[in-house]
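Asker: have a look at this prediction, sequence included:
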Amino acid sequence: MQATPQGLYCVPGDFFVDPARAVPRAVITHGHSDHARPDHGAVLATPATLAIMRARLGEERAGHRQQALVPGESLKVNGVGVRLVPAGHVLGSAQVVLDWQGSRVVVSGDYKRRRDPTCDLFEPVECDAFVTEATFALPVFHHPPAAAEVARLLESVRLFPDRAHLIGVYALGKCQRVIALLREAGWDRPIYMHGALMALCQLYEQLGVKLGELRPVPAVVKRGAGQLAGEIVLAPSGAEATPWVRRLAEPLICAASGWMRVRQRAKARGVELPLIISDHADWDELLQTAGDVAAPDIWVTHGREDALVHALGTRGIRGRALHLIGRGEEDEAEEPLSDAQPGASSGEPPLAEQPAGEAGA
Ligand SMILES: [Zn+2]
Ligand SMILES: [Zn+2]
(Lines give C-alpha, C1' and ligand atoms only; values in the text may rest on other atoms or scores of the structure.)
(Ligands and ions follow the chains in the order given, each with its own letter.)
Protein backbone atom coordinates (compact mmCIF):
# COMPACT_ATOMS: atom_id res chain seq x y z
CA MET A 1 0.00 0.00 0.00
CA GLN A 2 1.14 3.53 -0.76
CA ALA A 3 -0.10 6.81 0.71
CA THR A 4 -0.39 9.10 -2.33
CA PRO A 5 -1.92 12.59 -2.76
CA GLN A 6 -5.04 10.89 -4.16
CA GLY A 7 -5.25 8.56 -1.16
CA LEU A 8 -4.32 5.00 -0.23
CA TYR A 9 -3.16 3.06 -3.27
CA CYS A 10 -2.84 -0.72 -3.53
CA VAL A 11 0.11 -1.16 -5.91
CA PRO A 12 -0.31 -4.79 -7.07
CA GLY A 13 -4.11 -4.43 -7.31
CA ASP A 14 -3.86 -1.04 -9.09
CA PHE A 15 -6.77 0.52 -7.18
CA PHE A 16 -7.36 3.14 -4.51
CA VAL A 17 -9.33 2.88 -1.26
CA ASP A 18 -11.50 5.96 -0.57
CA PRO A 19 -9.49 8.23 -2.88
CA ALA A 20 -9.80 11.99 -2.43
CA ARG A 21 -10.14 12.56 -6.20
CA ALA A 22 -11.64 10.76 -9.16
CA VAL A 23 -9.50 7.71 -10.09
CA PRO A 24 -9.89 4.84 -12.58
CA ARG A 25 -10.60 2.24 -9.90
CA ALA A 26 -11.75 2.75 -6.30
CA VAL A 27 -12.88 0.58 -3.42
CA ILE A 28 -15.18 2.66 -1.19
CA THR A 29 -15.64 1.95 2.53
CA HIS A 30 -18.83 3.98 3.08
CA GLY A 31 -21.03 6.75 1.74
CA HIS A 32 -19.80 9.83 3.65
CA SER A 33 -18.61 12.36 1.11
CA ASP A 34 -15.04 12.50 2.38
CA HIS A 35 -14.74 8.81 1.46
CA ALA A 36 -17.17 8.43 -1.45
CA ARG A 37 -16.12 11.00 -4.06
CA PRO A 38 -17.87 11.37 -7.42
CA ASP A 39 -16.73 10.39 -10.91
CA HIS A 40 -14.55 7.33 -10.36
CA GLY A 41 -14.19 4.98 -13.32
CA ALA A 42 -15.04 1.76 -11.49
CA VAL A 43 -16.35 1.56 -7.92
CA LEU A 44 -16.36 -1.53 -5.74
CA ALA A 45 -18.40 -1.31 -2.51
CA THR A 46 -21.18 -3.01 -0.55
CA PRO A 47 -24.64 -2.93 -2.17
CA ALA A 48 -25.87 -0.45 0.48
CA THR A 49 -22.91 1.90 -0.04
CA LEU A 50 -23.47 1.83 -3.80
CA ALA A 51 -27.15 2.69 -3.26
CA ILE A 52 -26.19 5.56 -0.93
CA MET A 53 -23.67 6.87 -3.50
CA ARG A 54 -26.29 6.78 -6.27
CA ALA A 55 -28.78 8.64 -4.05
CA ARG A 56 -26.31 11.33 -3.03
CA LEU A 57 -24.19 11.77 -6.15
CA GLY A 58 -26.71 10.83 -8.83
CA GLU A 59 -26.52 7.79 -11.13
CA GLU A 60 -24.06 9.47 -13.52
CA ARG A 61 -21.51 10.50 -10.92
CA ALA A 62 -21.61 7.50 -8.56
CA GLY A 63 -19.02 5.61 -10.60
CA HIS A 64 -18.98 4.93 -14.32
CA ARG A 65 -19.12 1.22 -13.50
CA GLN A 66 -20.42 0.01 -10.13
CA GLN A 67 -19.64 -3.44 -8.78
CA ALA A 68 -21.26 -4.71 -5.61
CA LEU A 69 -19.40 -6.96 -3.21
CA VAL A 70 -21.57 -8.53 -0.52
CA PRO A 71 -19.94 -8.41 2.96
CA GLY A 72 -18.06 -11.64 3.64
CA GLU A 73 -17.63 -12.58 -0.03
CA SER A 74 -14.29 -12.11 -1.71
CA LEU A 75 -12.90 -11.55 -5.17
CA LYS A 76 -9.50 -11.15 -6.80
CA VAL A 77 -8.34 -7.89 -8.34
CA ASN A 78 -5.06 -8.33 -10.23
CA GLY A 79 -4.14 -11.13 -7.85
CA VAL A 80 -5.08 -9.22 -4.68
CA GLY A 81 -7.84 -10.81 -2.59
CA VAL A 82 -10.49 -8.21 -1.67
CA ARG A 83 -13.13 -8.79 1.00
CA LEU A 84 -15.52 -6.34 2.69
CA VAL A 85 -16.25 -6.80 6.40
CA PRO A 86 -18.71 -4.71 8.50
CA ALA A 87 -17.24 -1.58 10.11
CA GLY A 88 -20.24 -0.64 12.29
CA HIS A 89 -20.07 3.05 11.25
CA VAL A 90 -23.15 3.70 9.06
CA LEU A 91 -25.38 1.53 6.87
CA GLY A 92 -23.23 -0.26 4.29
CA SER A 93 -19.92 0.70 5.92
CA ALA A 94 -17.18 -1.86 5.48
CA GLN A 95 -13.53 -2.50 6.19
CA VAL A 96 -11.52 -3.50 3.14
CA VAL A 97 -9.50 -6.69 3.76
CA LEU A 98 -6.65 -7.06 1.26
CA ASP A 99 -4.67 -10.31 0.94
CA TRP A 100 -1.57 -10.51 -1.22
CA GLN A 101 1.29 -12.98 -1.17
CA GLY A 102 0.60 -14.14 2.35
CA SER A 103 0.26 -10.72 3.96
CA ARG A 104 -2.90 -8.89 4.90
CA VAL A 105 -3.79 -5.21 5.17
CA VAL A 106 -7.16 -4.07 6.57
CA VAL A 107 -8.37 -0.55 5.73
CA SER A 108 -11.11 0.13 8.26
CA GLY A 109 -12.52 3.40 6.94
CA ASP A 110 -14.46 5.02 9.79
CA TYR A 111 -15.69 2.63 12.47
CA LYS A 112 -17.13 2.15 15.93
CA ARG A 113 -17.44 -0.92 18.14
CA ARG A 114 -20.88 -0.24 19.66
CA ARG A 115 -24.04 -1.97 18.57
CA ASP A 116 -26.02 0.20 16.15
CA PRO A 117 -29.57 -0.81 15.16
CA THR A 118 -29.03 0.68 11.67
CA CYS A 119 -25.92 -1.26 10.61
CA ASP A 120 -23.93 -4.45 11.17
CA LEU A 121 -21.49 -4.71 14.07
CA PHE A 122 -17.75 -4.17 13.45
CA GLU A 123 -15.88 -7.44 12.96
CA PRO A 124 -12.20 -7.45 13.92
CA VAL A 125 -9.97 -9.19 11.36
CA GLU A 126 -6.41 -10.13 12.33
CA CYS A 127 -3.90 -8.62 9.94
CA ASP A 128 -0.32 -7.50 9.39
CA ALA A 129 -1.18 -3.84 8.98
CA PHE A 130 -4.35 -2.07 10.09
CA VAL A 131 -5.38 1.34 8.76
CA THR A 132 -7.41 3.23 11.37
CA GLU A 133 -9.06 6.62 11.80
CA ALA A 134 -8.32 8.64 14.94
CA THR A 135 -11.17 11.14 15.15
CA PHE A 136 -11.57 10.79 18.92
CA ALA A 137 -8.08 9.56 19.77
CA LEU A 138 -7.60 11.33 23.08
CA PRO A 139 -8.21 9.73 26.50
CA VAL A 140 -10.81 12.43 27.26
CA PHE A 141 -13.08 10.93 24.60
CA HIS A 142 -15.21 8.28 26.18
CA HIS A 143 -18.64 7.77 24.65
CA PRO A 144 -21.31 6.76 27.21
CA PRO A 145 -23.91 4.15 26.17
CA ALA A 146 -26.11 5.72 23.47
CA ALA A 147 -29.26 4.43 25.19
CA ALA A 148 -28.39 6.50 28.27
CA GLU A 149 -28.05 9.64 26.15
CA VAL A 150 -31.42 8.99 24.50
CA ALA A 151 -32.94 8.48 27.96
CA ARG A 152 -31.66 11.96 28.93
CA LEU A 153 -33.31 13.36 25.80
CA LEU A 154 -36.66 11.75 26.59
CA GLU A 155 -36.47 12.99 30.17
CA SER A 156 -35.97 16.53 28.85
CA VAL A 157 -38.95 16.13 26.50
CA ARG A 158 -41.03 15.11 29.50
CA LEU A 159 -39.77 18.05 31.61
CA PHE A 160 -40.35 20.68 28.91
CA PRO A 161 -43.61 19.81 27.15
CA ASP A 162 -44.00 23.38 25.86
CA ARG A 163 -40.83 23.26 23.80
CA ALA A 164 -39.85 21.48 20.59
CA HIS A 165 -36.63 19.48 20.98
CA LEU A 166 -34.44 20.15 17.94
CA ILE A 167 -31.57 17.68 17.47
CA GLY A 168 -28.71 18.57 15.13
CA VAL A 169 -27.50 15.44 13.29
CA TYR A 170 -25.48 14.39 10.25
CA ALA A 171 -27.69 13.40 7.34
CA LEU A 172 -26.09 10.01 6.73
CA GLY A 173 -25.93 7.64 9.66
CA LYS A 174 -26.38 9.75 12.78
CA CYS A 175 -29.86 10.86 11.77
CA GLN A 176 -31.15 7.33 11.23
CA ARG A 177 -29.34 5.94 14.27
CA VAL A 178 -30.89 8.55 16.58
CA ILE A 179 -34.32 7.71 15.17
CA ALA A 180 -33.75 3.97 15.65
CA LEU A 181 -32.49 4.53 19.21
CA LEU A 182 -35.60 6.59 19.98
CA ARG A 183 -37.78 3.76 18.66
CA GLU A 184 -35.88 1.26 20.83
CA ALA A 185 -36.48 3.53 23.82
CA GLY A 186 -40.22 3.32 23.14
CA TRP A 187 -40.78 6.70 21.42
CA ASP A 188 -43.50 5.74 18.95
CA ARG A 189 -44.80 9.22 18.09
CA PRO A 190 -44.07 10.66 14.63
CA ILE A 191 -40.57 12.18 14.45
CA TYR A 192 -40.37 15.49 12.59
CA MET A 193 -37.69 16.05 9.99
CA HIS A 194 -35.98 18.93 8.22
CA GLY A 195 -36.54 18.39 4.50
CA ALA A 196 -32.82 17.89 3.88
CA LEU A 197 -32.85 14.68 5.90
CA MET A 198 -35.79 12.93 4.27
CA ALA A 199 -34.21 11.33 1.20
CA LEU A 200 -31.62 9.26 3.06
CA CYS A 201 -34.20 8.16 5.65
CA GLN A 202 -36.36 6.89 2.80
CA LEU A 203 -33.35 5.05 1.36
CA TYR A 204 -32.61 3.43 4.74
CA GLU A 205 -36.23 2.26 4.84
CA GLN A 206 -35.91 0.82 1.33
CA LEU A 207 -32.77 -0.99 2.45
CA GLY A 208 -34.68 -2.57 5.32
CA VAL A 209 -33.99 -0.28 8.29
CA LYS A 210 -37.33 0.47 9.98
CA LEU A 211 -37.59 4.04 11.23
CA GLY A 212 -41.29 4.39 12.07
CA GLU A 213 -43.39 7.39 11.09
CA LEU A 214 -41.37 10.41 9.91
CA ARG A 215 -43.04 13.70 9.01
CA PRO A 216 -41.71 16.87 7.44
CA VAL A 217 -41.78 19.96 9.66
CA PRO A 218 -44.75 21.98 8.40
CA ALA A 219 -44.29 25.59 7.29
CA VAL A 220 -45.46 28.24 9.77
CA VAL A 221 -49.16 28.98 9.50
CA LYS A 222 -49.25 32.09 11.67
CA ARG A 223 -46.31 34.43 12.17
CA GLY A 224 -44.74 34.01 15.60
CA ALA A 225 -46.66 30.83 16.33
CA GLY A 226 -44.11 28.07 16.81
CA GLN A 227 -45.21 24.49 16.42
CA LEU A 228 -44.41 20.97 17.57
CA ALA A 229 -44.23 21.62 21.32
CA GLY A 230 -43.48 18.32 23.04
CA GLU A 231 -42.23 16.75 19.81
CA ILE A 232 -38.80 15.66 18.60
CA VAL A 233 -37.41 17.34 15.48
CA LEU A 234 -34.25 16.37 13.58
CA ALA A 235 -32.31 18.78 11.37
CA PRO A 236 -28.78 19.10 9.98
CA SER A 237 -26.49 20.73 12.55
CA GLY A 238 -26.55 24.43 11.82
CA ALA A 239 -30.28 24.63 11.03
CA GLU A 240 -30.83 26.17 14.47
CA ALA A 241 -29.01 29.27 13.20
CA THR A 242 -31.30 29.74 10.18
CA PRO A 243 -34.79 31.33 9.89
CA TRP A 244 -36.18 27.81 9.48
CA VAL A 245 -35.97 27.37 13.25
CA ARG A 246 -38.80 29.91 13.73
CA ARG A 247 -41.19 27.16 12.74
CA LEU A 248 -40.61 25.55 16.14
CA ALA A 249 -42.10 26.35 19.54
CA GLU A 250 -39.32 27.59 21.88
CA PRO A 251 -36.81 25.18 20.34
CA LEU A 252 -34.56 23.42 22.83
CA ILE A 253 -31.32 22.93 20.90
CA CYS A 254 -29.74 19.48 21.18
CA ALA A 255 -26.87 17.98 19.21
CA ALA A 256 -25.83 14.34 18.85
CA SER A 257 -22.07 14.03 18.39
CA GLY A 258 -18.97 12.65 20.07
CA TRP A 259 -17.74 16.26 20.25
CA MET A 260 -20.46 16.99 22.81
CA ARG A 261 -18.07 15.48 25.36
CA VAL A 262 -16.31 18.87 25.22
CA ARG A 263 -18.45 21.34 27.12
CA GLN A 264 -16.96 24.45 25.46
CA ARG A 265 -17.83 23.11 22.02
CA ALA A 266 -21.44 22.53 23.00
CA LYS A 267 -21.55 26.03 24.47
CA ALA A 268 -19.96 27.65 21.43
CA ARG A 269 -22.69 26.10 19.28
CA GLY A 270 -25.46 27.19 21.62
CA VAL A 271 -26.36 23.60 22.41
CA GLU A 272 -28.57 23.38 25.49
CA LEU A 273 -28.71 19.59 25.65
CA PRO A 274 -25.52 17.94 24.36
CA LEU A 275 -25.93 14.24 23.54
CA ILE A 276 -22.71 12.24 23.31
CA ILE A 277 -23.68 9.87 20.52
CA SER A 278 -20.89 9.05 18.10
CA ASP A 279 -20.43 6.87 15.04
CA HIS A 280 -16.66 6.86 15.58
CA ALA A 281 -14.58 4.78 17.96
CA ASP A 282 -13.67 6.47 21.24
CA TRP A 283 -10.22 6.21 22.85
CA ASP A 284 -10.87 2.85 24.52
CA GLU A 285 -12.40 1.40 21.34
CA LEU A 286 -9.40 2.48 19.26
CA LEU A 287 -6.99 0.75 21.64
CA GLN A 288 -9.25 -2.29 22.02
CA THR A 289 -9.36 -2.61 18.24
CA ALA A 290 -5.58 -2.34 17.95
CA GLY A 291 -5.39 -5.32 20.29
CA ASP A 292 -8.15 -7.28 18.56
CA VAL A 293 -6.63 -7.06 15.07
CA ALA A 294 -3.17 -8.00 16.48
CA ALA A 295 -1.40 -5.99 13.77
CA PRO A 296 2.27 -5.13 14.39
CA ASP A 297 1.79 -2.04 12.19
CA ILE A 298 -1.05 0.48 12.47
CA TRP A 299 -1.40 3.38 10.04
CA VAL A 300 -3.49 6.34 11.17
CA THR A 301 -5.46 8.29 8.55
CA HIS A 302 -7.13 11.29 10.18
CA GLY A 303 -7.82 12.79 13.57
CA ARG A 304 -5.51 12.94 16.61
CA GLU A 305 -2.71 10.91 15.05
CA ASP A 306 -0.01 11.90 17.55
CA ALA A 307 -1.76 10.71 20.70
CA LEU A 308 -2.73 7.39 19.14
CA VAL A 309 0.68 6.72 17.59
CA HIS A 310 2.27 7.40 20.97
CA ALA A 311 -0.15 5.13 22.86
CA LEU A 312 0.40 2.35 20.32
CA GLY A 313 4.17 2.69 20.75
CA THR A 314 3.89 2.03 24.48
CA ARG A 315 2.10 -1.22 23.56
CA GLY A 316 4.86 -2.32 21.19
CA ILE A 317 2.85 -1.49 18.04
CA ARG A 318 4.45 0.54 15.27
CA GLY A 319 2.09 3.45 14.57
CA ARG A 320 2.45 5.74 11.59
CA ALA A 321 0.47 8.86 10.66
CA LEU A 322 -0.52 8.86 6.98
CA HIS A 323 -1.70 12.49 6.77
CA LEU A 324 -4.22 11.72 4.05
CA ILE A 325 -5.73 14.75 2.37
CA GLY A 326 -9.40 15.66 2.46
CA ARG A 327 -10.58 13.46 5.33
CA GLY A 328 -13.00 14.35 8.05
CA GLU A 329 -14.79 16.90 5.92
CA GLU A 330 -18.29 15.61 6.05
CA ASP A 331 -19.21 13.46 8.97
CA GLU A 332 -18.64 13.77 12.67
CA ALA A 333 -14.90 13.92 12.05
CA GLU A 334 -15.51 17.49 10.98
CA GLU A 335 -14.59 20.13 13.52
CA PRO A 336 -18.03 21.12 14.83
CA LEU A 337 -17.03 24.77 15.16
CA SER A 338 -17.24 25.01 11.38
CA ASP A 339 -20.81 23.77 11.50
CA ALA A 340 -22.23 27.19 10.69
CA GLN A 341 -21.90 26.20 7.04
CA PRO A 342 -22.69 22.49 7.11
CA GLY A 343 -22.21 20.76 3.82
CA ALA A 344 -20.37 23.70 2.30
CA SER A 345 -17.19 21.67 1.86
CA SER A 346 -18.96 18.78 0.18
CA GLY A 347 -20.92 21.02 -2.17
CA GLU A 348 -24.18 19.66 -0.81
CA PRO A 349 -26.94 21.91 0.47
CA PRO A 350 -28.14 20.06 3.57
CA LEU A 351 -30.08 23.12 4.62
CA ALA A 352 -32.14 23.19 1.45
CA GLU A 353 -35.84 22.99 2.14
CA GLN A 354 -36.43 20.58 -0.73
CA PRO A 355 -35.58 16.94 -0.06
CA ALA A 356 -34.23 16.80 -3.61
CA GLY A 357 -31.40 19.08 -2.50
CA GLU A 358 -29.86 16.44 -0.28
CA ALA A 359 -30.48 13.65 -2.76
CA GLY A 360 -28.43 15.56 -5.28
CA ALA A 361 -30.37 13.86 -8.04
ZN1 LIG B 1 -17.70 8.43 7.97
ZN1 LIG C 1 -14.44 9.96 7.58
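Answerer: That came in fine, so what should we check first? Ligands and ions are numbered 1, 2, ... in the order given.

Asker: what about the helices in the protein?
Answerer: 47-57, 146-159, 174-184, 198-206, 263-268, 283-293, 305-314, 355-359 (DSSP state H).

Asker: so the second one versus helix 174-184, what angle?
Answerer: Put simply, helix 146-159 runs at 70 degrees to helix 174-184, going by axes from the mean of the first three to the mean of the last three CA atoms, to 10 degrees.

Asker: again, but for the fourth one
Answerer: Taking the same axes, to 10 degrees, helix 198-206 and helix 174-184 form an angle of 60 degrees between their directions.

Asker: mean confidence for stretch 56-71?
Answerer: Taken as a whole, stretch 56-71 has an average pLDDT of 97.

Asker: quick check, pLDDT for whatever residue of the stretch 101-250 of the chain ends up closest to ligand 1.
Answerer: Residue nearest to ligand 1 within the stretch 101-250 of the chain (CB to the ion): D110, separated by 3.6 Å. The C-beta positions use only the backbone N, C-alpha and C, and glycine is treated the same way. On pLDDT, D110 comes in at 96.

Asker: hang on, isn't it packed against H280?
Answerer: Yes - between D110 and H280 there is a contact under CB atoms under 8 Å: 5.9 Å.

Asker: out of those two, which sits in the busier spot?
Answerer: D110 (30 against 24; other CB atoms under 10 Å).

Asker: and that one, what does it touch?
Answerer: Residues near D110 by CB atoms under 8 Å, 6 or more residues apart in numbering: 29-30, 32, 35, 87, 89-90, 93, 133, 135, 279-280, 331, 333.

Asker: for the closest residue to H194 other than its chain neighbours, which residues make a bridge with it?
Answerer: Using CB to CB, 6 or more residues apart in numbering and skipping the chain neighbours, the partner closest in space to H194 is A235 (3.6 Å). On the basis of DSSP bridges, A235 is bridged to G168.

Asker: up against ligand 2, what does the stretch 1-150 of the chain have?
Answerer: Counting by CB under 5 Å from the ion, the stretch 1-150 of the chain comes close to ligand 2 at 34, 110.

Asker: in the stretch 1-150 of the chain, what residue comes closest to ligand 2?
Answerer: D110 (4.4 Å).

Asker: separation between the residue nearest to that residue when sequence neighbours are not counted and L138?
Answerer: The shortest distance from D110 to any residue other than its chain neighbours is 4.5 Å, reached at H89 (CB to CB, 6+ apart). Applying CB to CB, to the nearest Å, the value for H89 to L138 is 19 Å.

Asker: within range of ligand 1, give me the residues from the stretch 51-200 of the chain.
Answerer: Contacts of the stretch 51-200 of the chain with ligand 1, taken as CB under 5 Å from the ion, map to D110.

Asker: can you pull out the strands in the stretch 51-200 of the chain?
Answerer: Per DSSP state E, counting those that start in this stretch, the stretch 51-200 of the chain carries strands over the ranges 65-68, 74-77, 80-86, 94-100, 103-107, 129-134, 165-169, 191-193.

Asker: report the contact partners of the residue nearest to H64 when sequence neighbours are not counted.
Answerer: Leaving aside its sequence neighbours, H64 sits nearest to G41 (CB to CB, 6+ apart; 5.1 Å). The contact partners of G41, taken as CB under 8 Å, 6+ apart, are 22-26, 63-65.

Asker: quick one: the residues you listed as JSON lines, columns for neighbour count too.
Answerer: Formatted as JSON lines, those follow (neighbours: other CB atoms under 10 Å):
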{"residue": "A22", "neighbour count": "16"}
{"residue": "V23", "neighbour count": "20"}
{"residue": "P24", "neighbour count": "12"}
{"residue": "R25", "neighbour count": "20"}
{"residue": "A26", "neighbour count": "25"}
{"residue": "G63", "neighbour count": "26"}
{"residue": "H64", "neighbour count": "13"}
{"residue": "R65", "neighbour count": "10"}
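
Asker: give the burial count for Q288, as a bare number.
Answerer: For Q288, the tally of surrounding residues (other CB under 10 Å) stands at 14.

Asker: same question for P190.
Answerer: P190 has 13 neighbouring residues, counting by other CB under 10 Å.

Asker: phi, psi for it please.
Answerer: phi -60, psi 150 (degrees, to the nearest 10).

Asker: and the gap between it and ligand 2?
Answerer: From P190 across to ligand 2, the span is 31 Å (CB to the ion, to the nearest Å).

Asker: got the contact list for that residue?
Answerer: Contacts here follow CB under 8 Å, 6+ apart; on that basis P190 touches 212-215, 231.
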